[in-house]
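K.L.:
below is the sequence, then the predicted model.
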Amino acid sequence: MTATRSVSRAAAWRRGRSALVLSSLARALLGTLALLLAVSVAPTVVGWETTVVLSGSMEPGVSPGDVAVVRPVPIADLAVGDVLLVDDPDAPGRLRLHRLVAVEDGGLRLQGDANPTPDPQLVDPSTVHGVGALRLPALGLPVLWAAEGRALPLAGGAALLALVVALALAHRTAEDDDGPATGSGWWGARLAVPAVAVGLAALLGPLPGTSAVGAVFTATTANDANSWASVRYYTCTSAGASAPGYLALQETAGPVAVNSGLYAGAVDGYYSSSGITYRVPGPACGGDGKGVRLDGGSGHVYSTTALANPQTFSVQVWFATTTRDGGKLIGFGNGTRGAASTQYDRHVYMTDSGTLTFGVYDGSPVTTTSPGSYNDGAWHQMTATFSPGTGLRLYVDGALVASRRDATAAEPFTGYWRVGYDTISSAWPGAPRSAFFAGSVAHVSVYTSVLSDADVAAQYRAAG
């Protein structure tokens, strides 16, 4: 008797208003999910493409887990500002969704909205899949979770879907219980079936016609939570390639030190005719593990491209040394073809004790010096940045070690960047015994902007 009464109460509840409201809401939710999934797949019938975004390089407009729908567009109709889906030039078999920022002679220059610098590699127009036309927020989260191996949210999503399905089937009418299967509850249950099917498909894997897209980050990305996606492909080369001037110093012989940065070929460097040992062991740097050794007496690297009074810049060098005679790591001077300069500043030099000094000349030397010494034989990454607004900032191994905000100007002259040698007069604090640097160097970058603390830390962390 008690069991019969309980069944009657349950049946009464399922025919009641509460069950009707809950079932209606659940069915509406399942219907919306089915509609969104249909919208994401239907464009593929007419040649469009659907992709699930796996990285955060296009935030805040496009987030990981969003579904992006792209439409094919003739190459001639591509315009700066379009969001393009392309074959990833740095990772065969992967896709990249970034914004077109420039059309250059060698191809298309893209950049992620969350990235401070453009992508280092140009994109061949023939590899463009299409232009972004529609974004479906969070619809691809199950695909993202599966790609990241996150079983807990996948299981939670499946459980939530099962609950919604149960609620969608909860309401029953008297006709459903007593008569032929023609009542409103019967129709609601039948209509829930396709929604359940596509919902399970979304949770268990990519839908037919969809692909997954990520981005190999350049200098940095604003999405630290997805830094795992960039580390796999982020080396000293991929970091430096976003700089206008980047000399990897991986050559087997001179005289040319190839610039593979944004201005590749236009501003190559040159090795001195003596004092250079090529292909010595270098920093790990994701596989780009060679460098050149400078003998401390004649070896150096120089540029022949004159620059007029750069007042905003960042320079970066990997180095290793045990010298007790100091020397210039990198600097800017007016000496042509590597000759000694009469005007020089914007330089970083090592003192005899192994500390690093970074300075500019503004009527007199304005400098800042690291508290620690780095002539310990280990590889270190040195980064120095300057602008009138930020002053002098000196980093070693990704961390800020010295700074000076009252430095507001560098000496105005036209000059050339050089590595491993130039004049250092006794007027400079801690001027070393030798102007030549004795040690190994690799991966020299010159930027026309100020790298942020986060930029520098990310480069060292990913490439180290």
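P.N.:
Thanks, I have the structure now.
K.L.:
and the host helix or strand of residue 153, what's its mean pLDDT?
P.N.:
Take DSSP states H and E as the rule and residue 153 turns out to sit in helix 151-168. Per-region confidence: helix 151-168 scores 74 on mean pLDDT.
K.L.:
how about stretch 423-437?
P.N.:
Here stretch 423-437 scores 97 as its mean pLDDT.
K.L.:
which positions within that stretch qualify as buried?
P.N.:
If you call a residue buried by 16 or more other CB atoms under 10 Å, then stretch 423-437 has these buried ones: 423-424, 428, 430-432, 434-437. The way it works is simple: take the backbone N, C-alpha and C, and place the C-beta from them, glycine included.
K.L.:
tell me how the chain divides into domains.
P.N.:
For the chain, the domain assignment from automatic domain parsing gives the residue ranges 1-230, 236-463.
K.L.:
chain center to the helix holding residue 153, what's the gap?
P.N.:
Put simply, helix 151-168 sits 34 Å off its chain's centre (CA atoms, centre = their mean, to the nearest Å).
K.L.:
ok, stretch 140-147 next?
P.N.:
With CA atoms, centre = their mean, you get 20 Å for stretch 140-147.
K.L.:
swap in stretch 407-417?
P.N.:
Here the centre of mass of C-alpha atoms in stretch 407-417, compared against the chain's by CA atoms, centre = their mean, lies 31 Å away.
K.L.:
which other residues reach that stretch?
P.N.:
Counting contacts by CB atoms under 8 Å, 6 or more residues apart in numbering, the residues outside stretch 407-417 that touch it are 245, 302-311, 315, 330-336, 341, 343-346, 359-362, 366, 368, 386, 388, 391-392, 446.
K.L.:
now do stretch 251-269
P.N.:
Outside of stretch 251-269, the residues that reach it under the criterion CB under 8 Å, 6+ apart are 118, 120, 237, 240-249, 270-273, 276, 278-279, 292, 301-303, 305, 419, 444-446.
K.L.:
what ranges do the helices span in this protein?
P.N.:
Using DSSP state H, the helices found in the chain span residues 2-14, 17-41, 141-147, 151-168, 174-178, 184-204, 228-231, 236-240, 453-463.
K.L.:
mean pLDDT lowest where, among those helices?
P.N.:
Taking the average pLDDT of each of the helices of the chain, the minimum falls on helix 228-231, with a mean of 26.
K.L.:
lowest-confidence helix or strand of the chain?
P.N.:
Comparing helices and strands within the chain by mean pLDDT, DSSP states H and E singles out helix 228-231 as the least confident, with a mean of 26.
K.L.:
which ones are touching residue 430?
P.N.:
Counting by CB under 8 Å, 6+ apart, residue 430 makes contact with 326, 351-353, 355, 357, 369.
K.L.:
for residue 114, see how far away the residue nearest to residue 130 when sequence neighbours are not counted is.
P.N.:
Of all residues beyond its chain neighbours, the one nearest residue 130 is residue 70 (3.4 Å), with distances taken as CB to CB, 6 or more residues apart in numbering. Counting by CB to CB, to the nearest Å, the gap from residue 70 to residue 114 is 19 Å.
K.L.:
the two: which has the busier surroundings?
P.N.:
Using other CB atoms under 10 Å as the criterion, residue 70 and residue 114 rank with residue 70 on top: 25 against 21.
K.L.:
surely residue 138 is in contact with residue 64?
P.N.:
No - proximity of residue 138 to residue 64 does not meet the contact threshold set by CB atoms under 8 Å, at 9.3 Å.
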